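J.: Could you look at this predicted model? Sequence included:
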Amino acid sequence: METSFTLAGLASQLLVGLSRAMILFIVSSGLSFILGVLRVPNVAHGSLYMIGAFAAHTIAVAFEGSAAGFWLAMLCAPLVVAVISLVAERLLFCHLYEREHLMLLLFTFALMLILGDLTKMTWGADYRSIVAPPLLQGSVPVLGTAFPRYNLFLLMVGPLVAIGLWLLSTKTKFGKIARAAAVDREMVGAIGINVSWVFAFAFVLGCLLAGLGGALVSPTISITLGMDHSIIIEAFLIVTIGGLGNIWGAMVGSLIFGITQSVGVLVLPQFAIVFPYLAVVVILTLKPTGLLKSVW
Amino acid sequence: MKRQHALKASLILMAGCWIISALLLPAPAAARNIKIGIVDTYSGPPAVFGNDALNGFKMAVNEINKQGVLGNKIEFVTRDDKFKVDIGLNMAKELVLKENVDLIVGTVNSGLAMAVSDAVAKKEKIPFFTWMGKSENITGKAGHRYVFSTTENTAMAGKAAATVLAKKPIKKIWVAGDDYEYGHALDESFSRYMKQLKPDVEFIGKTWWKVGEPDLVPYFTSIQAAKPDLIHFCTGGASMANVLKTIKTTGINQKIPIYIHTAIDYAVLKPLGTEAPEGVMGTMDYLFYYPELSSNQKFVKEYQALYKAPPGFPAFHAYTTAYLIAEAFRQAGKIDREKFIDAIEGLKVDTPVGKVEMRACDHQAVYPILFGTTKISKEYGAAVATDIMTLRGAEVMPSCEEIQAARK
Amino acid sequence: MVKNILRTPSFLWTAAVLLVLLLVPFIAGRFYVYILAVIFVWGLLAMSLNLLVGHGGAYQFHHGAFYGVGAYTAGLIITKTALPAWIGLCAGPVAAAFTGLVVGAFCVRLNKLYFGMLQISLGSLIWILALRWYSLTNGDDGIHGIPMPDLLSGSVPAYYFILIVVSVCLALMYLILKSPFGATLRAVRDNPQRCQAVGINVRRHQLLGIVIATFFAGVAGVLFVVLEGSVFPDMLFWVLSLEIFIMCLLGGWFTFFGPMLGAAIMVALRTFVGSYTEYWTLILGVVLILLIFFLPDGIMGINFRTWLRNRERRRSTDVVR
């Protein structure tokens, strides 16, 4: 046991924790974005993540597992999810924004139930798996241990998404309107902006990120029904400890979640799963509204 | 609380009661078919097993009904337990108390199998067959007259693997797996038999991750650093594919021998295609391509014609279960639960891979265990098992004395 | 005073319903007796949640954890100790209320969604404990075949026990809601700032509310053990907590019996629709969305009298025309 606790071991464990945090970040930043702008805790987010993974598989298989198919899947699967969420938003969700939060939460829960069963009807119960393109297969030596290339790829994608989101919400007109609408939607409406469409766009963007997370995670896991349940609660907790609606908070929260768990594996493997939850309890006890400034 | 609310409430409750009582017509007992209730998982990750088993069962029932049983037919109803114990119990009770089924079969969920075994089979004296619940406790420690297992169990897997691996130069073993009953049971039985057969073996560490853990790389890096002679992964279902993928990406199989029960299952290896890791040792109780008996080839061909995929082990278990049940009813001579149990104890039936016996002392079906190593096959475009060794069922099962001792 | 209560129609109706329920085992098949018992257990759980959500306005997101704590306490005391089963059954609710006190003490410091999130993480810790502590809890397998005292074994005695306990609990809840404490709880829901201003200790009231509600959740957990003889970690999983929420919504937040009706609908959907199709959760989802759009106060929230009055008014205008 004690042999595993070396500096190199710790370093590689940290790297792995970081790459795990990237997936969590991509999913939870979408959740956080929706929370920040729409003030809706979207329980169906996990289902959209699952659909993203299934869609990525379908697209990759259509191209017989070629590298081009893989990249196309990474690109198109989130779009599929975006279309689904747009339909749900325009058809149903947009009529509910005036309701109280519990109702919205329950609506998204209903959506989760429906999407879960629809996924089962569409894709069935078989296990699925995507093969990463040759460029991202295998592992590279890092500090004496083998580190999978795909995880390195994830380490690059995560920050890109973060920067993109940041630019979008601070530098573009849409981002500014969205943030303003979150603070005072009457005022934004009063100056002649169609708030409803701003909300729709924010919702779809958030869901797109869920789909992207699902697509990106798909080569590392087996794609099955029920993968929505495990991610959603983690994403919620990450968003809460980071500060509701704060994109950088989602990043900090994901890092805490990913790293506490992977380092926990090193310290106390049997109870590794407990560490992230403990971290959440400690943070919320000390700093009840999350680490970074919440937009609420 | 306002008065009219309470009034309204009472009205609605009353109405509810009457509607329910109106539904209470007892089912008439006509000249009848044998009715089997299936409680199994058709949602969530384990649904792949539930569906495969159901296909095998349907196929067997169709074959059996051509001939008939006791002048009648076998019919069945299915219920989805969603892999949840409370829903499964609910469904099992509904099947017994409302649908009046003669016996219950099913479930991938070992916890549910134990709950049904106790709360329904034992209490209502209804025979219950588990065809996928692999905990050895079901027919071991917690066994009784009304519970049967038609799946290989964790004790058989552990003993078979220990028999083969004890002959290899292995001293230090690391155990890693899914933190749930099945994972722990696999570890417990393999470790027990390994220590029996090779007392100087050393278990240097254990790693448990939560079921459905998406990223296993952190665990693998810490195991690799400890340099064991063998890693025993205790996993199954959807997590199995994750483990195999991570073995491939980290290349751990090129440095350390690996054993995983059901790693040579085609249902697990097929989605991975040529990306499956080679050289992983595994055990199974059924492979559609081995042994190459004509009866097995016929079974596989017919199954493939019906369901467009080769049968997995759940289909084989369910198929065998149906034949055991039909034959036991024929021997019992009438639809009587107690006579049925007397008839099925020690009964042998023909299956695609030869005779299978329902052992009388513990109600555990006797299956041979196949031990093999993964290798990519051009023919299937996926990994399959090679260098297959067959261990006879009787050799790898706990003896009747052990069972009796455990039940005390 | 007593006479007045006895004469009220609501009391008479309640007595009549109780009488019918007492007779059910004589007229109905065993399966329906069992299903009714399941409804009572879930109904009690949902009503205990509604105490906090409907009447207290708290974001009690992981109520299921306390239900599980009650059940596990009872199950563990009965199977792992030599103490008589009755002690286990009584200890369940106490343990749940104590857990409620500890968790609540952390949570009441926070507002709304943060309250809910902290509760989910604390509840998940309890869930992980049940899942991981193999030697004590058997992990995800759970504990099955928990023996009951002779008085409670068999489905009909269990039914009567559950019926009596649930009735007593409902009566207690009714009294609590009628009491000044209940009124304060509702006042806190509607306007916490004003309550604070007039000198009500909001946090203490919320905490007391949580302890009471978790006590009843513990009772529901114990009753589940009486009914099924099993406990398992799913009882502590957050999905169950959301399902309890749904029951409250289905039946009606702001009514007393609403959650009970919601529980009945859930169980009926699961049992009767579930025997036709494995996609009953899809139907549940659609029903939920319809409810959110057309009956946001739940089924019991329909005001029959207003509805009738409106209809009569319409008729009378028809006549005039």
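T.: Looks like it arrived, so ask away.
J.: got a pLDDT number for residue 127?
T.: Let's take chain A. Predicted confidence (pLDDT) for A:Y127: 78.
J.: try chain B instead
T.: At B:P127, the model reports a pLDDT of 94.
J.: Just name the shakiest helix or strand of chain C by mean pLDDT.
T.: Lowest on mean pLDDT, DSSP states H and E among the helices and strands of chain C sits helix C:304-320, with a mean of 54.
J.: now do the same end-to-end measure for stretch A:124-131.
T.: End-to-end distance of stretch A:124-131 (CA to CA, to the nearest Å): 20 Å.
J.: contact partners of that stretch?
T.: A:54, A:56-57, A:60, A:65, A:70, A:73, A:137, A:218-219, A:222-225, B:42-43, B:45, B:47-48, B:50-51, B:238, B:241, B:245, B:267-268, B:271-273, B:275 (CB atoms under 8 Å, 6 or more residues apart in numbering or on different chains). C-beta coordinates here come from the backbone N, C-alpha and C atoms, glycine included.
J.: Which members of these occur in helices, if any?
T.: A:54, A:56-57, A:60, A:70, A:73, B:47-48, B:50-51, B:238, B:241, B:245, B:267-268, B:271-272 (DSSP state H).
J.: Give me the pLDDT for A:V195.
T.: Looking at A:V195, the pLDDT reads 79.
J.: Spit out the contact partners of it.
T.: Applying CB under 8 Å, 6+ apart, one finds that A:V195 lies in contact with A:A181, A:R185, A:V188, A:G189.
J.: And those, which is closest to A:K293?
T.: Nearest to A:K293 among the contacts of A:V195: A:A181, at 18.2 Å, using CB to CB.
J.: And the closest one, what's its pLDDT?
T.: pLDDT recorded at A:A181 is 78.
J.: Then B:K375?
T.: Value for B:K375, per-residue pLDDT: 93.
J.: ok, for it, nearest residue in space, not its chain neighbours?
T.: Excluding its sequence neighbours, the residue lying closest to B:K375 (CB to CB, 6 or more residues apart in numbering or on different chains) is B:T386, at 4.4 Å.
J.: now do A:L208
T.: Excluding the flanking residues, the one nearest A:L208 by CB to CB, 6+ apart is A:A82, at 4.3 Å.
J.: check contacts around the one you found.
T.: Going by CB under 8 Å, 6+ apart, A:A82 touches A:V204, A:L205, A:C207, A:L208, A:G211.
J.: what do you get for A:C207?
T.: Shown in contact with A:C207 (CB under 8 Å, 6+ apart): A:G30, A:I34, A:N42, A:H45, A:L48, A:V81, A:A82, A:I84, A:S85.
J.: Mind checking which of these are in helices?
T.: Those of these lying in helices (DSSP H): A:G30, A:I34, A:H45, A:L48, A:V81, A:A82, A:I84, A:S85.
J.: State the number of residues packed around C:A15.
T.: C:A15: 12 surrounding residues under other CB atoms under 10 Å in any protein chain shown.
J.: Could you tell me how far it is located from C:A263?
T.: Here the criterion is CB to CB, to the nearest Å. By it, C:A15 lies 22 Å from C:A263.
J.: try C:I77
T.: Distance from C:I77 to C:A263, by CB to CB: 27 Å.
J.: Tell me which of these two has more neighbours.
T.: Comparing C:I77 with C:A263 by other CB under 10 Å, the one with more neighbours is C:A263, at 27 against 22.
J.: On the three-state scheme, that one is what?
T.: Look at C:A263: counting by DSSP: H, G, I helix; E, B strand; the rest coil, its state is helix.
J.: and what of A:I259?
T.: Applying three-state DSSP to A:I259 yields a three-state assignment of helix.
J.: That one contacts A:A21, correct?
T.: Yes: the pair A:I259 / A:A21 is scored as a contact, 6.7 Å apart, by CB atoms under 8 Å.
J.: ok, these two, which is more surrounded?
T.: A:A21 (28 against 21).
J.: which residues sit in contact with the more buried one?
T.: With the criterion set at CB under 8 Å, 6+ apart, A:A21 makes contact with A:G158, A:S254, A:L255, A:F257, A:G258, A:I259.
J.: of all those, which comes closest to chain B?
T.: A:G258 (8.6 Å; CB to the nearest CB).
J.: so the closest one makes contact with A:L24?
T.: Yes: at 6.0 Å, A:G258 counts as touching A:L24 under the criterion of CB under 8 Å.
J.: Among those two, which residue is more densely surrounded?
T.: More neighbours surround A:L24 than the other of A:G258 and A:L24, with 29 against 26 (other CB under 10 Å).
J.: For B:D179, which non-adjacent residue is spatially closest?
T.: Closest to B:D179 by CB to CB, 6+ apart is B:W208, at 3.9 Å.
J.: how would you label the one you found: helix, strand or coil?
T.: strand.
J.: re the thing from before, report the buried members of the contacts of stretch A:124-131.
T.: Buried residues within those, counting neighbours by 16 or more other CB atoms under 10 Å in any protein chain shown: A:54, A:56-57, A:60, A:65, A:70, A:73, A:218-219, A:222-225, B:42-43, B:45, B:47-48, B:50-51, B:238, B:241, B:245, B:267-268, B:271-272, B:275.
J.: sorry, back to before: confidence-wise, which of the ones in helices among the contacts of A:C207 comes last?
T.: A:I34 (88).
J.: and that one, what does it touch?
T.: With CB under 8 Å, 6+ apart, A:I34 has these contacts: A:V40, A:N42, A:H45, A:A202, A:F203, A:G206, A:C207.
J.: number of nearby residues for B:T250?
T.: For B:T250, the neighbour count with other CB under 10 Å is 23.
J.: Quick check: which of the ones in helices among the contacts of stretch A:124-131 are also close to chain C?
T.: Checked against chain C using CB under 8 Å from any CB of the partner chain, these yield no neighbours at all.
J.: And for residue 161, the neighbour number?
T.: Let's take chain A. Neighbours of A:V161 under the rule other CB under 10 Å: 20.
J.: That was the other one, I meant chain C.
T.: C:F161 has 19 neighbouring residues, counting by other CB under 10 Å.
J.: C:S153 is in contact with that one, correct?
T.: No: using CB under 8 Å, C:F161 makes no contact with C:S153, being 10.4 Å away.
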